[in-house]
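Asks: Give me the fold of what follows.
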Amino acid sequence: MTDPRCPPGFLVSAPASGTGKTTVMLGLLRALSEDGLSVQPFKSGPDYIDPAFHRAATGRASFNLDTWAMGADLFAAIAGEAEGADICVAEGSMGLYDGVATRGRSGFGSSAETAKVMGWPVVLVLDVGGQAQSAAATALGFARYDADLPFAGVILNRVASPRHERLTRLGMERAGLPVLGALPRRGDLTLPERHLGLVQAVEHPDLETAIAGYAAFLREHVDLSAIRTAALGRRPGPAGTLPTPPAQRIALAQDAAFSFTYPHLLEGWRRAGAEILPFSPLADEPPDPSADLVWLPGGYPELHAGKLAAASRFLAALRSHAETKPVHGECGGYMALGRALIDKDGLRHEMAGLLGLVTSYEKRKFHLGYRRAVLREAMPGHPAGAALRGHEFHYSTILDEPDAPLADVMDADGNPVHETGSRRGNVTGTFFHLIAGETG
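Replies: Next up, the predicted model:
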């Protein structure tokens, strides 16, 4: 008997980032939706941006699945969001087998692990530019690297000519690998990017037209029927529950400066009965005065620092709230709670001043990776001593962080991380984006 919580699916991955995987993913999501299927999108790994693009392509909320940061019960609970869908389509992160060196809650965090847990065959998007038959050696290595990983086939991307396609297909045929599609090289089929990757879905100048174009292109050059036939899936195990809310009424900053919150967190908060009260700091909107908690997610405050510094109604209401009730910020939200933010041109912008943090983008420094934090101080939803799992991704440099450290923070291998977060009174902040608390 088929488990309605586990429709068949597949995972779209690649040997590396920058191969055209996301545009292929969006085209497949929309094309399958146009064929009348209810498509449940997922993102493997800690990505803040892609799920919003997935939702735009399908009309269904997309959720992250993460074998390093999530326990098996939470992983299964999120997988259960596919209930009622006809097919699941997941997008991998980085290269198919890329993860960390130290096992986390369930694994090392690779897209291959996600596919194995869910029983999803892999559709490998392969950039064949500058090679022909040799591309088959790369694909064959990915197909055989893990004998337990189901492999659906390859989509050849950036094919230069009919001759190039024919030669590349010959190599795949010799290797015994199904070719599910061949996409001619087109320079216009890219999504705009900036320093943290893709622009946000809400900022794309014409996202609907772009996604419709990807779908038409994929429909012309990919065997959708073969991909649907290859889809498989299984229930990953007994499901737990989604995360519980840190407060009953949560004022949540939501605009182009603050948008990076994991969908499974918000869904868990809502299902537990919490009220989410969105507001826009960029529009100088104050948080709802009846809120029990103000939450500032990550995003791109560095691109809007001048406007945030001038948002007097927002800043006054935030300071007033913090006198008696909690405020929490993640990454960009943490920076906005600090004393000042220095932009890439060296201009200093005064922020809320609820924490002493001063950050700078003038000299960029890359911070990337999973984080495990053991709280020294309580933060909304978690007591002192709790262990949390999250992910950090930013380019800012700390110039001053004078407040009490919020947590002892480590990377995936247990090495100490300098960015400990801060607490002052009712205000807390972290550079990592929370994914899950540890249980059991």
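Asks: mind checking pLDDT for the residue nearest the centre of the chain?
Replies: Central residue of the chain (Cα atoms, centre = their mean): D47, 1.7 Å from the mean position. Per-residue confidence (pLDDT) for D47: 88.
Asks: Likewise for the one 3 residues further on?
Replies: Per-residue confidence for D50 comes out at a pLDDT of 91.
Asks: For it, which non-adjacent residue is spatially closest?
Replies: K43 (5.0 Å; Cβ to Cβ, 6 or more residues apart in numbering). From N, CA and C alone the C-beta is placed, and that goes for glycine too.
Asks: D35 and L224 touch, don't they?
Replies: Yes. Judged on Cβ atoms under 8 Å, D35 makes contact with L224 at a distance of 7.1 Å.
Asks: How much space separates Y145 from E350?
Replies: Using Cβ to Cβ, to the nearest Å, one gets 52 Å for the distance from Y145 to E350.
Asks: coming back round to it: tell me who's in contact with the residue nearest to the centre of the chain.
Replies: For D47, the contacting residues are 64, 93, by Cβ atoms under 8 Å, 6 or more residues apart in numbering.
Asks: what do you get if the cut-off is 6 Å, keeping everything else the same?
Replies: D47 is in contact with S93, counting by Cβ atoms under 6 Å, 6 or more residues apart in numbering.
Asks: Am I right that it sits in a strand?
Replies: No. Counting by DSSP: H, G, I helix; E, B strand; the rest coil, D47 is not part of a strand but coil.
Asks: please begin residue numbering at 148 from this point
Replies: All set: I'll call the first residue 148, so the last point we hit is now D194.
Asks: And the helices in this structure?
Replies: 168-181, 197-205, 219-226, 258-265, 282-291, 309-322, 354-368, 371-377, 410-418, 452-456, 459-469, 479-484 (DSSP state H).
Asks: What is the burial count for S308?
Replies: Neighbour count of S308, defined by other Cβ atoms under 10 Å: 10.
Asks: out of the helices of the chain, deepest packed?
Replies: Comparing the helices of the chain by mean neighbour count (mean count of other Cβ atoms under 10 Å), helix 479-484 ranks first with a mean of 30.
Asks: which intervals of the protein have sub-threshold pLDDT?
Replies: 148-152, 334-352, 587 (pLDDT under 70).
Asks: now do 50
Replies: Along the chain, the model assigns pLDDT under 50 to residues 148-149, 341-343.
Asks: Now do the domain split for it, please.
Replies: Under automatic domain parsing, the residue ranges defining each domain of the chain are 156-377, 396-584.
Asks: mind checking the end-to-end distance for stretch 506-516?
Replies: One end of stretch 506-516 to the other measures 19 Å (Cα to Cα, to the nearest Å).
Asks: now what about that stretch, what contacts it?
Replies: By Cβ under 6 Å, 6+ apart, stretch 506-516 touches 449, 482, 488-491, 493, 539-546, 558.
Asks: out of those, what pair is the most spread apart?
Replies: Greatest spacing in these, by Cβ to Cβ: G493 and D558 (29.7 Å).
Asks: So those two - more neighbours on which side?
Replies: Per other Cβ under 10 Å, whichever of G493 and D558 has more neighbours is D558, with 17 against 10.
Asks: Kindly provide the distance from the more buried one to R536.
Replies: 12 Å.
Asks: do the same with A229
Replies: Per Cβ to Cβ, A229 is found 23 Å from R536.
Asks: G239 now?
Replies: From G239 to R536 the distance is 20 Å (Cβ to Cβ).
Asks: between the two, who's got more neighbours?
Replies: Using other Cβ under 10 Å, the more surrounded residue of G239 and R536 is G239, with 29 against 24.
Asks: from what I can see the more buried one touches S160, true?
Replies: Yes. Judged on Cβ atoms under 6 Å, G239 makes contact with S160 at a distance of 3.5 Å.
Asks: any shared contact partners between these two?
Replies: Joint contacts of G239 and S160 (Cβ under 6 Å, 6+ apart) are S258.
Asks: Now the nearest residue to G218 once chain neighbours are set aside, what are its backbone angles?
Replies: Among residues not flanking G218 along the chain, R252 sits closest, at 4.6 Å (Cβ to Cβ, 6+ apart). For R252, the backbone dihedrals are phi -60, psi -50 (criterion: degrees, to the nearest 10).
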